[in-house]
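Enquirer: Have a look at this prediction, sequence included:
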Amino acid sequence: MLSERLERMRGQVRDRCQARLRQPVAPNLIAECEAESLSWTRRAARLVRRMCEAQRPVLDPDQRIVFTRTVCKVPPIHGPEDWRKLCEGRTLHELGPISNVCADWGMAISEGLLSRRETAMATRARLRDDPQAVEFLDAAVETIDAVLDLAKR
């Protein structure tokens with residue numbers, strides 16, 4: 001038998017209450033990314049930032065793990081022709097550009113995002129002569145900052 005709280009939450013899921021929170025439009029990123037000539041790495045970081053900015057924080061008092069996505073559709077970050085070129089000779093996951101990302105959540109949670117940000121900045125300083133490493137670490141910092149900003153809201 002479920003507790004009263006869990007029964008209430010199950011009812012909300014079955015009644016699709018979260019659907020009323022959904023926003024119909026996702027951010028439009030292709031023009032922004034193309035105008036800035038962003039690389040694949042920078043486009044991915046920009047996607048995370050814009051998606052975090054677009055989310056409307058929803059806090060349900062019954063939830064203990066809090067976050068209900070309000071922007072459901074993940075927008076493309078490449079136009080059709082660029083996407084075709086990027087995919088040539090590759091097999092994509094059945095979900096396309098969003099795939100199985102396996103972050104080390106244990107480390108992220110135990111160290112915290114601020115610590116991970118400090119590590120990225122220190123590594124960036126150490127590898128400042130490696131443009132690919134700097135670009136990756138800048139993208140990592142951008143995504144960490146986006147998540148922290150969303151958490152503040």
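Expert: That came in fine, so what should we check first? Model, not experiment: these values are computed from the prediction.

Enquirer: tally of neighbours for residue 136?
Expert: Residue 136: 19 surrounding residues under other CB atoms under 10 Å. (C-beta placed from N, C-alpha, C; glycine too.)

Enquirer: quick one: average confidence on the helix or strand hosting it?
Expert: Here residue 136, judged by DSSP states H and E, is contained in helix 131-152. Averaged across helix 131-152, the pLDDT comes to 96.

Enquirer: helices or strands next to that helix in the packing?
Expert: When contacts are defined as 3 or more CB pairs under 8 Å, 6 or more residues apart in numbering; DSSP states H and E, helix 131-152 packs onto helix 40-54, helix 113-126.

Enquirer: and that helix with helix 40-54, angle?
Expert: Inter-element angle recorded for helix 131-152 and helix 40-54: 10 degrees (by axes from the mean of the first three to the mean of the last three CA atoms, to 10 degrees).

Enquirer: circling back: I'd like the helices and strands packed on helix 131-152 laid out as JSON lines, including mean neighbour count and distance to residue 30.
Expert: Compiled in JSON lines, the helices and strands packed on helix 131-152 are given as follows (neighbours: other CB atoms under 10 Å; distance: least, CB to CB, whole Å):
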{"stretch": "helix 40-54", "mean neighbour count": "18", "distance to residue 30": "9"}
{"stretch": "helix 113-126", "mean neighbour count": "14", "distance to residue 30": "27"}
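
Enquirer: which stretch in the ones you listed has the least confidence?
Expert: Here those differ in mean pLDDT, and the lowest is helix 40-54 at a mean of 92.

Enquirer: In terms of secondary structure, what does it contact?
Expert: Counting by 3+ CB pairs under 8 Å, 6+ apart, the packing neighbours recorded for helix 40-54 are helix 30-35, helix 131-152.

Enquirer: Tell me which residues are up against that helix.
Expert: Contact with helix 40-54 is made by 23, 26-27, 29, 32-33, 36, 38, 70-71, 74-75, 77-78, 86, 135-136, 138-140, 142-143, 145-147, 149-150, as judged by CB atoms under 8 Å, 6 or more residues apart in numbering.
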